[in-house]
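# got a structure for you, letters missing:
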């Protein structure tokens, strides 16, 4: 099973994966919007750092779900 087809299947079948992907995309949009701002306030700089951490946590969890799903498919 390809990575893309596995992600499609997870999007269809796994509520947590769908939620995480939506959150990751939302964080990315907010981050892109903030990065267009110049100069950044201290609060905006803090939010950028927070968004990067949140994106990474969501991505790490999605990767874990993908690895678990791949292990079930190959088992």
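Noted; the coordinates are in hand. From a predicted model like this one, the values you see are computed outputs, not experimental measurements.
# tell me the centre residue of the protein?
residue 24 (3.1 Å; C-alpha atoms, centre = their mean).
# for that residue, give me its contacts.
55, 58-59, 62 (C-beta atoms under 8 Å, 6 or more residues apart in numbering). C-beta: built from backbone N, CA, C; applies to glycine.
# how about residue 20?
Contacts of residue 20 by C-beta under 8 Å, 6+ apart are 58, 61-62, 65.
# again, only this time at 10 Å
10, 14, 57-65 (C-beta atoms under 10 Å, 6 or more residues apart in numbering).
# with residue 60 instead?
residue 20.
# the residue nearest to the centre of the chain and residue 31: what is the separation?
10 Å (C-beta to C-beta, to the nearest Å).
# kindly report the same for residue 40.
Distance from residue 40 to residue 31, by C-beta to C-beta: 12 Å.
# more neighbours: which of the two?
Neighbours were counted for residue 40 and for residue 31 using other C-beta atoms under 10 Å; residue 31 has more, 16 against 13.
# pLDDT weak spots in the chain?
Filtered on pLDDT under 70, the chain yields no residues whatsoever.
# let's go with 80 and repeat that
Residue ranges of the chain with pLDDT under 80: 1, 75.
# what segments of it are helices?
With DSSP state H as the criterion, the chain has helices at 3-13, 15-35, 42-74.
# would you mark the buried spots in the second one?
Under the neighbour-count criterion of 16 or more other C-beta atoms under 10 Å, helix 15-35 has 17, 20-21, 23-24, 27, 30-31 buried.
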